[in-house]
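A.B. asks: Predicted model and sequence below, questions to follow.
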Amino acid sequence: MIYWEIFLAFFIPGILGYGGGPATIPLIEHEVVHRFGWMTVEEFGEVLALGNALPGPIATKMAGFIGFEQGGILGASVGLFATIAPSLILMIGLLSLLYRYKDSPKVKLLSNIVRPTIAVLLGVMTLRFAETSYVESGAVQTGLLLVVSYFLLERRKVHPAYVILGALLYGAIFLKP
């Protein structure tokens, strides 16, 4: 039964997450944290941060890690397959159709409508993480990490992987477990 749950936890976000990895992250969070209860929001945030620090697609890294945690090597394999299966099915089944209509104004309009939705989903997830951080670590620590991260990312143009690594190191040294 656990393998079926792992499959669903990553297949459904893969189908609904139009826009790639960043669009699927809030959906994966819903499945893993709220539906199946495999992790807390804080644990999911740590997995997400670690996954963002590593090279490659975020959804497959998270599927492999969470699948392994829940079902060992077979669970990781099921999670990885479930993550890539929707794209694989669409690529095989609809490639000619997509190629024919790729320049269609309706397809471009759909993409323009979906992008703000993805931004809202990511914003809601960010607020959940900030709320959890505020409760667990306090306002000063949360505010400090937010301000420093913003400064490094937007003003100094530091690569996000370095900011994430720095936040992880800061948390490991200064925050209680």
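C.D. replies: Perfect, I can see it now.
A.B. asks: switch to C-alpha atoms for all contacts and neighbour counts from now on
C.D. replies: Fine.
A.B. asks: Specify the local secondary structure of the residue positioned nearest the centre of the chain.
C.D. replies: Among the residues of the chain, residue 25 comes closest to the average C-alpha position under C-alpha atoms, centre = their mean, at 2.7 Å. Of the three states, residue 25 takes helix according to DSSP: H, G, I helix; E, B strand; the rest coil.
A.B. asks: so who does it touch?
C.D. replies: Taking C-alpha atoms under 8 Å, 6 or more residues apart in numbering as the criterion, residue 25 is in contact with 13, 59, 122.
A.B. asks: Output the below-cut-off pLDDT ranges for the protein.
C.D. replies: 19, 98, 177 (pLDDT under 70).
A.B. asks: Let me know the outermost residue of it.
C.D. replies: Farthest-from-centroid check, the chain (C-alpha atoms, centre = their mean): residue 100, 30.9 Å.
A.B. asks: how far is the helix or strand containing residue 70 from where the chain is centred?
C.D. replies: Taking DSSP states H and E as the definition, one finds residue 70 inside helix 58-100. With C-alpha atoms, centre = their mean, to the nearest Å as the basis, helix 58-100 stands 14 Å off its chain's centre.
A.B. asks: and the helix or strand following it, what does it pack onto?
C.D. replies: Counting by DSSP H and E, the element after helix 58-100 in chain order, helix or strand, is helix 105-137. Judged by 3 or more C-alpha pairs under 8 Å, 6 or more residues apart in numbering; DSSP states H and E, helix 105-137 is in contact with helix 21-29, helix 41-53, helix 139-150.
A.B. asks: Any buried residues in helix 105-137, and which?
C.D. replies: Neighbour counts using 16 or more other C-alpha atoms under 10 Å place 118, 121, 122, 125, 129, 130, 131, 132, 133, 137 of helix 105-137 among the buried residues.
A.B. asks: Make TSV from the helices and strands packed on helix 105-137 and add distance to residue 94 to it.
C.D. replies: Formatted as TSV, the helices and strands packed on helix 105-137 follow (distance: least, C-alpha to C-alpha, whole Å):
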stretch	distance to residue 94
helix 21-29	20
helix 41-53	30
helix 139-150	40
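A.B. asks: Tell me which of those helices is the most buried.
C.D. replies: Highest mean neighbour count among these (mean count of other C-alpha atoms under 10 Å): helix 21-29, with a mean of 22.
A.B. asks: what distance separates that helix from the centre of its chain?
C.D. replies: A distance of 4 Å separates the centroid of the chain from that of helix 21-29, by C-alpha atoms, centre = their mean.
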